[in-house]
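Colleague: sequence-free structure coming up:
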């Protein structure tokens, strides 16, 4: 069975203090051939190590640890691969007070609701749908995230007037260590590019990837 993989990462924070970021940027990457992306990122890291262009101590490509040349290399390579990119841009100044009081609820809504709303209408139940997110959430938050994915998938599937009931085992969620998952490393670069554009008004990296953007949601 074909698996539709959705890799998710974010940049910025969901705090609301004077030291918090103005934007919370979520990027998601959709692919049905994650092995090609895995191989491409591993090759890039190997070449960078060989040429001493990236820390030998690091086995993980990260946007925040990369100079501009490395960021360009990774993003340009992603443009060559078979994948779709999505962005959710949360302008935190416009968040309602009731949502500010519950960061977990806000996090799940921003990510799960908006991704599901965009991809479920065209999803074919003949393929599996697997969400992959960095294993950075607490155990409690991971469980809440997984439960919300299950709830939202059933709710939206019914809302879209589908006659065939959704198969619960067709939708799965994996929380993975990004150091061991090149696809999560790839989506980290996408999130970083979006954050640079909206938070810091630096568009050079976003411009590289913009032709691959299929989904774009601005809140609110």
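Modeller: Cool, the structure landed. Since this is a predicted model, take the numbers as computed values, not measurements.
Colleague: helix or strand for the nearest residue to residue 144 once chain neighbours are set aside, which one?
Modeller: Distances taken as Cβ to Cβ, 6 or more residues apart in numbering place residue 104 nearest to residue 144, at 5.7 Å, with adjacent residues excluded. Yep, even glycine has a C-beta here, placed from its N, CA and C like the rest. Secondary structure from DSSP states H and E places residue 104 in helix 103-108.
Colleague: in that helix, what's buried?
Modeller: For helix 103-108, burial by neighbour count (16 or more other Cβ atoms under 10 Å) applies to 106-108.
Colleague: Just the closest of these to residue 208, please.
Modeller: Residue 208 has its nearest neighbour among these in residue 107, at 27.5 Å by Cβ to Cβ.
Colleague: Would you check that that closest one makes contact with residue 15?
Modeller: No: assessed by Cβ atoms under 8 Å, residue 107 is found out of contact with residue 15, at 11.7 Å.
Colleague: now the buried residues of helix 103-108 in CSV, with pLDDT and distance to residue 66?
Modeller: Output for these, formatted as CSV (pLDDT from 0 to 100; distance: Cβ to Cβ, whole Å):
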residue, pLDDT, distance to residue 66
106, 96, 29
107, 97, 26
108, 96, 29
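Colleague: Identify the residues contacting the residue lying closest to residue 109 once chain neighbours are set aside.
Modeller: Leaving aside its chain neighbours, residue 109 sits nearest to residue 99 (7.5 Å; criterion: Cβ to Cβ, 6+ apart). Taking Cβ atoms under 8 Å, 6 or more residues apart in numbering, we find residue 99 in contact with 105-106, 109.
Colleague: likewise residue 131?
Modeller: 6, 8, 115, 149, 171-174.
Colleague: Pull the residues that contact the one helix or strand residue 206 maps to.
Modeller: In this assignment (DSSP H and E), residue 206 forms part of helix 204-209. Residues outside helix 204-209 that contact it (Cβ under 8 Å, 6+ apart) are 68, 71-72, 75-76, 78-79, 85, 189-190, 192-194, 196-197.
Colleague: And that helix, what's buried?
Modeller: Residues of helix 204-209 classed as buried: 205-206, 208-209 (neighbour count, 16+ other Cβ under 10 Å).
Colleague: Contacts for the helix ranked longest in the chain, please.
Modeller: Using DSSP state H to assign secondary structure, the helix with the most residues in the chain is helix 139-159. The contact list for helix 139-159, computed with Cβ under 8 Å, 6+ apart, reads 104, 107-108, 111-113, 116-117, 120, 131, 133, 135, 137, 165-166, 168, 171, 173, 175.
Colleague: From these, list just the buried residues.
Modeller: Listed as buried from those are 107-108, 111-113, 116, 120, 131, 133, 137, 166, 171, 173, 175; burial here means 16+ other Cβ under 10 Å.
Colleague: how about the residues you listed, which pair is most distant?
Modeller: Most distant of the buried ones among the contacts of helix 139-159, by Cβ to Cβ, are 137 and 166, 24.4 Å apart.
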